[in-house]
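> how would this look folded up:
(one chain, ligands or ions: 1)
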Amino acid sequence: MLFTRIDFERPGKQQGFLQVPYSHNLGGWANVMIPCTVVKGGEGPTALVLGGNHGDEYQGQVAAMKLARELTPEMVAGRIILIPSLNFPAAKAATRLSPLDGMNMNRAFPGQPEGPVTSQIAHFLTNTLFPMSDVIIDIHSGGRSMDFVPCSHMHLVPDKPQRERMLKAMLAWGTDFCFLYADIAGSGLLPVEAENQGKTVVTTELGGGEGVPASVHRIAQSGLKNVLIHVGVLKGTETTREGQGKSASVLVQALHRDDYLLAPESGIFEIAFDLGAEVKPGDTVGYIHDLERPDRTPEPIVAKTAGYLVCCRVPCLTNQGDCVAVIAAPMSVDEALQA
Ligand SMILES: [Zn+2]
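A predicted model of the protein is given here:
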């Protein structure tokens, strides 16, 4: 069972580890040691900041590490708990899933106290860290498989006051697009467990691929701080897009299965639009080329819905059933509050 020497109630700054027993061929009594920083200032809300839920997503890992080094208790109104590389074995292996148990951290919730390593981490969050937190920030990108327009995103949770808190916190990230998404690929997600506990949950998809442009690192780091100020955990003045002379974030939704386009067959995927482009139903957003029969007309990937191309597949070589594109339609904040 996971244990830690960190005292989450102690004022000040602590750097420690979440330790999960992991016995293997060359480590009989070994632990997986997941770095964790806690900074407690005064009385105030608690935010849990998570990077590396998927090991091949670096924007959040860097933003959380930098913030963990920078923070002092004087800067924090309440408490901030930071885990830069949540699926630590996956982060060290540059993989989406844990190399120790093959598990996807973002399908492992609520977790098991004596389960595989990934499941034990999920269980500790579900039963210890989520209950002591008011705000949970889980920073993703598309990893090696997907590329997104850099966006903060969220589920349309049924509880309206919670939904409004989440919308405002999502918008505080300040990204050009903010994205309401649906779960088309399984259950056991970290944000869903946190949402079910009534928390203000903010998640992101800040680009993708293994290379991270400087501009995207900046969005990750500035957005994270601004959300923490917005929710009253970090001291400072909240910045707005308006104050920076930018237009409001474009709120978009992909709440239906038809918004997620899957490859009908394997081959080389060619995207036909740039990320962020507007598409109409019937537009061919990409093609699957048949390696073995280049004389054949490529299979078109046709948009079923209107909106913006917010995500596309990164590796061109594609298997049948891979998600190759996501189309998200504009929605107003009022519509999102009432839907
Ligand atoms: Zn992810």
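
> okay, CA-based contacts and neighbour counts for the rest of this
Fine.

> residues from the stretch 1-150 of the chain in reach of the ion?
His54, His140 (CA under 5 Å from the ion).

> where do the domain boundaries of this protein fall?
The record's domain split for the chain, according to automatic domain parsing, is 3-248, 259-328.

> residue in the stretch 151-300 of the chain nearest to the ion?
Per CA to the ion, Glu205 is where the stretch 151-300 of the chain lies closest to the ion, at 7.4 Å.

> give the bridge partners for that residue, please.
His140, Cys151 (DSSP bridges).

> next, count neighbours for it.
Residues lying near Glu205 (other CA atoms under 10 Å) number 27.

> out of the domains of the chain, nearest to Ala339?
With CA to CA as the measure, domain 3-248 is the member of these nearest Ala339 (8.1 Å).

> coming back round to it: the domains of the chain: which one's closest to Glu335?
domain 3-248 (10.9 Å).

> where does the stretch 101-250 of the chain have low pLDDT?
For the stretch 101-250 of the chain, no stretch is flagged by pLDDT under 70.

> tell me where it has helices.
117-124, 160-171, 190-196, 214-230 (DSSP state H, counting those that start in this stretch).

> among the ones you listed, which is the most enclosed?
Across the helices of the stretch 101-250 of the chain, averaging neighbours per residue (mean count of other CA atoms under 10 Å) puts helix 117-124 on top, at a mean of 25.

> ok, back up a step: which one of the domains of the chain lies nearest to Gln338?
domain 3-248 (8.1 Å).

> and that closest one, how far from the chain's centre?
Distance of domain 3-248 from the chain centroid (CA atoms, centre = their mean, to the nearest Å) equals 7 Å.

> okay but Asn226 is in contact with Glu238, surely?
Yes - the criterion here is CA atoms under 8 Å, and Asn226 meets it with Glu238 at 5.8 Å.

> confidence score at Ala91?
As predicted, Ala91 sits at a pLDDT of 98.

> confirm it sits in a strand?
No - assigned with DSSP: H, G, I helix; E, B strand; the rest coil, Ala91 falls outside any strand and is helix.

> how many neighbours does Met33 have?
By other CA under 10 Å, neighbour count at Met33 equals 18.

> also the one 4 residues further on?
The tally of other residues near Thr37 (other CA under 10 Å) stands at 23.

> am I right that it is in a helix?
No - using three-state DSSP, the assignment for Thr37 is strand, not a helix.

> the closest residue to the ion within the stretch 51-200 of the chain - how many residues pack around it?
Proximity of the stretch 51-200 of the chain to the ion (CA to the ion) peaks at His140, 4.3 Å away. Burial of His140 is recorded as 29 neighbouring residues (other CA under 10 Å).

> repeat that for the one 3 residues further on.
Each residue near Gly143 was counted by other CA under 10 Å, and the total is 26.

> surely it touches Asp56?
Yes - judged on CA under 8 Å, Gly143 makes contact with Asp56 at a distance of 5.1 Å.

> need the residues touching each of those two.
Common neighbours of Gly143 and Asp56, using CA atoms under 8 Å, 6 or more residues apart in numbering, are Arg96, Glu210.

> tell me which of the helices of the stretch 101-250 of the chain lies nearest to Val49.
Closest among these, using CA to CA: helix 214-230, at 8.7 Å.

> C-alpha coordinates for that closest one, CSV please?
C-alpha atoms of helix 214-230 as CSV (Å, rounded to 0.1, in the frame of the first residue of the first chain):
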residue,chain,number,x,y,z
ALA,A,214,8.3,27.7,-26.2
SER,A,215,4.9,29.4,-26.7
VAL,A,216,3.1,26.3,-25.4
HIS,A,217,5.4,26.0,-22.4
ARG,A,218,4.5,29.7,-21.6
ILE,A,219,0.8,28.9,-21.9
ALA,A,220,1.1,26.0,-19.5
GLN,A,221,3.0,28.0,-16.9
SER,A,222,1.2,31.3,-17.1
GLY,A,223,-2.2,29.6,-17.3
LEU,A,224,-1.5,27.4,-14.3
LYS,A,225,-0.5,30.3,-12.1
ASN,A,226,-3.5,32.4,-13.2
VAL,A,227,-5.9,29.5,-12.4
LEU,A,228,-4.3,29.2,-8.9
ILE,A,229,-4.8,32.9,-8.4
HIS,A,230,-8.3,32.8,-9.7
